[in-house]
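[1] Any chance you could fold what I've pasted below:
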Amino acid sequence: MPVAWVLNPNGGDNVPADGAPSFAWNELDQTFEVVWAQHDGADFEIVLSKWETDQWSVPVALTSTANDDTDPVIAFAPDGTARVVFQDDTHIYMLTRPPGGSWGAPVSVDLGARPSTARTAENRAAFQHAGAGGTTEIVAAVNDGSWQSTLLQTVTFAGLGGTGNVDVRIGSVAGRVWIVWEDSATQLGWSQLVGGFWTAPQYETIAGAADEEAGRLRIKLSALQ
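    Now for the predicted structure:
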């Protein structure tokens, strides 16, 4: 494999090691862009690289804070606006870049962790938040002049990995928007945006972790009906 194809040649040697990447297709520039958390010697920052003809560009830092910035997810709005959501120790943030423009400063969304964003017309995010009594709250947020959050569900499940991460993901296709999370060992929970409001939670049965991605696909097909 050519060295230029490797996204972060020294990533495995970093201590701590780089975080997992998130990719998205930039239709305006006809290229992939990818973000991940990289340790700068003091803490983790969010970095971005683009595919340029036959190699990845040198990573550019999108954040420079005194906290660990981790778990980024990138997506592009229909108009070409780039979005990156990420978390620090307590908050969810979003970075945006207008078509042909530059990245703005991170904007605080809400308290939470494990964020997700998607190809939506509005600035939207989904994430989890620590609830009372060891529960986990599933939250949807939208910026309509300011960030507004909606509690979708409260779960007592620790996630299929047992770590407390219930893998909240927001999806969007052709104007349909939905959010999926791990609700128990045998089912995924999901809610869909209909007429500007989130529906009551619905559930998709899964045969354990091996069936999770197939279950998410079944939910997607239901949301697109």
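
[2] ok, and what's touching the lowest-mean-pLDDT helix or strand in the chain?
    None of the helices or strands of the chain scores lower by mean pLDDT, DSSP states H and E than strand 55-56, at a mean of 92. Residues from elsewhere that reach strand 55-56, judged by C-beta atoms under 8 Å, 6 or more residues apart in numbering: 2, 4-7, 34, 49-50. Any C-beta I mention is one placed from the backbone N, CA and C, and that applies to glycine too.

[3] got the contact list for the spatially most central residue of the chain?
    Nearest residue to the geometric centre of the chain (C-alpha atoms, centre = their mean): Ser116, 2.4 Å. Applying C-beta under 8 Å, 6+ apart, we find Ser116 in contact with 73, 85, 125-127, 168-170, 179.

[4] how about JSON lines for those, with distance to Phe197 added?
    JSON lines is the format used below for the contacts of Ser116 (distance: C-beta to C-beta, whole Å):
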{"residue": "Val73", "distance to Phe197": "24"}
{"residue": "Val85", "distance to Phe197": "22"}
{"residue": "Ala125", "distance to Phe197": "17"}
{"residue": "Ala126", "distance to Phe197": "15"}
{"residue": "Phe127", "distance to Phe197": "19"}
{"residue": "Val168", "distance to Phe197": "19"}
{"residue": "Arg169", "distance to Phe197": "20"}
{"residue": "Ile170", "distance to Phe197": "15"}
{"residue": "Ile179", "distance to Phe197": "13"}
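
[5] Could you tell me the end-to-end distance of stretch 22-30?
    Using C-alpha to C-alpha, to the nearest Å, the end-to-end distance of stretch 22-30 comes out at 17 Å.

[6] Next, the buried residues of that stretch.
    Going by neighbour count (16 or more other C-beta atoms under 10 Å), the buried part of stretch 22-30 is 22, 24, 26, 29.

[7] mind checking how far the last one is from Ser57?
    Right, Asp29. As for Asp29, its distance to Ser57 is 12 Å (criterion: C-beta to C-beta, to the nearest Å).

[8] Need the overlap of contacts for the two.
    Common contact partners of Asp29 and Ser57 (C-beta under 8 Å, 6+ apart): Lys50.

[9] coming back round to it: just the buried ones among the contacts of strand 55-56, please.
    Neighbour counting with 16+ other C-beta under 10 Å marks 34, 49-50 as buried within the contacts of strand 55-56.

[10] Looking at those residues, spot the one nearest Arg218.
    Set against Arg218, the nearest of the buried ones among the contacts of strand 55-56 by C-beta to C-beta is Val34 (27.8 Å).

[11] Secondary structure element for the closest one, which one?
    Assigned by DSSP states H and E, Val34 belongs to strand 31-39.

[12] just curious, which of the buried residues of stretch 22-30 is nearest to Ala158?
    The closest of the buried residues of stretch 22-30 to Ala158 turns out to be Ser22 (C-beta to C-beta; 23.4 Å).

[13] can you map out the helices along the chain?
    Assigned helices in the chain, in chain order: 212-223 (criterion: DSSP state H).
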